[in-house]
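Undergrad: Have a look; sequence and predicted model below, questions after that.
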Amino acid sequence: MTQTNLKTLLSDPELLNPRAYIGGDWADASGGGTFEVKNPARGDVIATVADLGRDDVARGIDAAYEAQKSWAKRTAEDRGAVLMKWHDLMVEHADDLATILTAEQGKPKAEAKGEIMYGAGFIKWFAEEARRVYGEIIPGHAPDKRIHVIRQPVGVAAAITPWNFPNAMITRKAGPALAAGCAFVVRPPSLTPLSALALGVLADRAGMPKGILSILPSTDSSGIGKEFCENEKVRKLTFTGSTEVGRILLRQSADQVMKTSMELGGNAPFLVFDDADLDKAVEGAIACKFRNAGQTCVCANRIYVQSGVYDEFARKLKDRVAQMSVGDALEGDVDLGPLIDQDAVEKVEAHIADATAKGADIIYGGSRHEKGGTFFQPTVLTGATQDMAFATEETFGPLAPLFRFETEDEGIQLANDTIFGLASYFYAKDYSRITRVSEALEYGIVGVNTGLISTPVAPFGGVKQSGLGREGSSHGIDEYLEMKYICLNV
Ligand SMILES: NC(=O)C1=CN([C@@H]2O[C@H](COP(=O)(O)OP(=O)(O)OC[C@H]3O[C@@H](n4cnc5c(N)ncnc54)[C@H](O)[C@@H]3O)[C@@H](O)[C@H]2O)C=CC1
Ligand SMILES: O=C(O)[C@H](O)CS(=O)(=O)O
């Protein structure tokens, strides 16, 4: 096994920090606990990180509670200036941050660099949005009444994030929270905590006031989740992850009637109509399906192709997938890195086995990659049907099942046949069809003639069981604000 000496790969080795960032101080777990972080491409240990308990996390929440009010009293411009300094440091150190991200998560370097810039974009966007938290003055309901409406920060915001975007899923929350005047504590995923801790190093350098930000690694995911939901000093819970865990957290946060944001699971349909530009549709499917080796909540999970172009699209997609390279992104440019762990590999295998048992055909890939470990072949299936597992479950891997449909109405019905409602995509040219289908798809996001929809400037989020609230855009800061109505008797 190749050993990854991560520090030697960094221009600034201080960015690799295994200690917890508690209220602005770097600390070990009070109980001395640690956990290992592995490189999924090689299986070797790249770091040993502080493993916090609930008492350590409570200290971070206490520090946040104490610091938040003075942070909120600073002007929006002042808070924005601290965030912009943080953003500038992320950009300055983007290469190192990308190396750390690839080492712990496995994605190709180009994707990792893209995530760093995407993540930094949320900090910049909300540094600017801080100064646009406007209120209202409403004509009074009586001659002696004046109505003022102001928006104030919720207080202490707690975040729980997933392993697949270890940088951007944190900044997508920290940016609006801190811009609004909240204090922010986050428990990063135990599989990929190093990117989060590197953000802490840069926040320190950016002059983030002590207590305002805590990064609290822990393997006790459920225990820390309970701390976040039960601690009365926490007034906001923001979660990105599976719908299954989102349901648990919604139940737990109900006891305190906590303000929540939920960015949950998906099962994105990708429709190709018979008037589509097939070459563009293939490129869009490649970008949408195989980004992060298919491990994103907005990846195409079901590809529906109208009957008249089904065979041609399948051939073109197969030929394009055959050109994709698979490998260790720390050794060179690859299109696909490894899956995050063996559970992920077994889920892809289970979906393929289920589909072929029900009549699907493998036209490319279909099994573990010859490189071994958690590498998997990019896979294309034809003959997919709604009774197969991936029609209702998120695959979260490099598996592209092609379903056939006859009419526009049937395509829409099949696409909407799910409890999820995060991202959807379709390729077509006819303007009227584009209008009809965009309006008929029951999703929070619709990509039209594109497979990539992620940007800090748009409202990202799902409907149905894909979530609550939006991240990014001018709406994203609302998740961290409370509206106050002031009735003045004059
Ligand atoms: N809507 C969105 O923007 C995104 C959604 N996701 C979804 O996340 C899933 C994949 O990411 P995973 O990390 O495997 O999801 P996951 O839901 O298993 O874990 C997400 C985070 O929650 C923590 N967690 C697990 N059980 C918990 C509990 N009982 N209490 C508190 N925290 C708990 C985990 O340690 C992790 O940090 C997929 O379903 C994907 O669709 C991932 C990224 C973005
Ligand atoms: O799937 C995720 O984890 C991210 O939300 C995907 S995106 O924000 O990069 O589109």
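TA: Perfect, I can see it now. Ligands and ions are numbered 1, 2, ... in the order given.

Undergrad: contacts, neighbours, all on C-alpha from now
TA: OK.

Undergrad: any idea how far residue 247 lies from ligand 2?
TA: Remark: distance between residue 247 and ligand 2 (CA to the nearest ligand atom, to the nearest Å) = 18 Å.

Undergrad: neighbouring contacts of the strand or helix carrying that residue?
TA: Using DSSP states H and E, the element containing residue 247 is helix 243-254. With contact meaning CA atoms under 8 Å, 6 or more residues apart in numbering, helix 243-254 is reached by 225-226, 229-230, 237, 239-240, 260, 262, 264-265, 465-467.

Undergrad: helix or strand right after it?
TA: Next element after helix 243-254 (DSSP H and E): strand 259-263.

Undergrad: quick one: strands adjacent to the helix or strand just after that following strand?
TA: Sequence-wise, the next helix or strand downstream of strand 259-263 (DSSP H and E) is strand 268-272. Here strand 268-272 has these sheet partners by DSSP bridges: strand 300-306 (parallel), strand 423-427 (parallel).

Undergrad: Looking at the contacts of helix 243-254, which is nearest residue 310?
TA: Nearest to residue 310 among these: residue 265, at 27.8 Å, using CA to CA.

Undergrad: Quick check: which element contains residue 409?
TA: Using DSSP H and E, residue 409 sits in helix 408-416.

Undergrad: right, I mislabeled it, should have said residue 487
TA: With DSSP H and E as criterion, residue 487 is part of strand 481-489.

Undergrad: And the spatially most central residue of the chain, which helix or strand is it part of?
TA: Nearest residue to the geometric centre of the chain (CA atoms, centre = their mean): residue 169, 4.4 Å. Using DSSP H and E, residue 169 falls within helix 168-180.

Undergrad: Mind giving me the packing neighbours of that helix?
TA: Helices and strands touching helix 168-180, by 3 or more CA pairs under 8 Å, 6 or more residues apart in numbering; DSSP states H and E, are helix 76-92, helix 109-129, strand 156-160, strand 183-187.

Undergrad: and it, is it in reach of ligand 2?
TA: No: Helix 168-180 lies apart from ligand 2 when judged by CA under 6 Å from any ligand atom; the minimum separation is 6.8 Å.

Undergrad: Show me the contact partners of the strand holding residue 487.
TA: 144-154, 180.

Undergrad: What residue in the chain is the furthest from its centre?
TA: residue 143 (49.8 Å).

Undergrad: distance of it from ligand 1?
TA: Counting by CA to the nearest ligand atom, the gap from residue 143 to ligand 1 is 48 Å.

Undergrad: try residue 429
TA: To ligand 1, residue 429 is 29 Å away according to CA to the nearest ligand atom.

Undergrad: Residues of the stretch 351-490 of the chain that sit close to ligand 2?
TA: Near ligand 2, when you scan the stretch 351-490 of the chain using CA under 6 Å from any ligand atom, you find residue 454.

Undergrad: all strands of the stretch 1-150 of the chain, in order?
TA: 20-22, 25-27, 34-38, 45-50, 136-138, 145-153 (DSSP state E, counting those that start in this stretch).

Undergrad: if I read this right, residue 427 contacts residue 272, doesn't it?
TA: Yes: with contact defined as CA atoms under 8 Å, residue 427 counts as touching residue 272 (5.0 Å).

Undergrad: Please enumerate the shared neighbours of those two.
TA: Residues touching both residue 427 and residue 272 (CA under 8 Å, 6+ apart): residue 281.

Undergrad: pLDDT below threshold where in the stretch 51-200 of the chain?
TA: For the stretch 51-200 of the chain, no stretch has pLDDT under 70.

Undergrad: related to what we said a few turns ago, send the alpha carbons of the helix holding residue 169 over as CSV?
TA: Extracted in CSV, the C-alpha atoms of helix 168-180 (Å, rounded to 0.1, in the frame of the first residue of the first chain):
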residue,chain,number,x,y,z
ALA,A,168,-18.5,23.4,0.5
MET,A,169,-21.2,21.8,2.7
ILE,A,170,-19.7,23.7,5.7
THR,A,171,-19.1,27.1,4.0
ARG,A,172,-22.6,26.9,2.5
LYS,A,173,-23.8,27.1,6.1
ALA,A,174,-21.1,29.0,7.9
GLY,A,175,-21.2,31.9,5.4
PRO,A,176,-24.9,32.9,5.9
ALA,A,177,-24.8,32.1,9.6
LEU,A,178,-21.8,34.3,10.4
ALA,A,179,-22.9,37.0,8.0
ALA,A,180,-26.3,37.2,9.7
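
Undergrad: what angle do it and helix 76-92 make?
TA: 160 degrees (axes from the mean of the first three to the mean of the last three CA atoms, to 10 degrees).

Undergrad: so, in contact with ligand 1 or not, helix 168-180?
TA: No: Helix 168-180 lies apart from ligand 1 when judged by CA under 6 Å from any ligand atom; the minimum separation is 7.0 Å.

Undergrad: who in this protein is up against ligand 1?
TA: Residues of the chain that fall close to ligand 1, judged by CA under 6 Å from any ligand atom: 160-163, 188-189, 221-222, 225, 240-242, 245, 263-266, 296-297.

Undergrad: Pull out the buried residues from the residues you listed.
TA: 160-163, 188-189, 221, 225, 240-242, 245, 263-266, 296-297 (16 or more other CA atoms under 10 Å).

Undergrad: care to break the protein down by domain?
TA: 6-264+466-489, 269-448 (the TED database).
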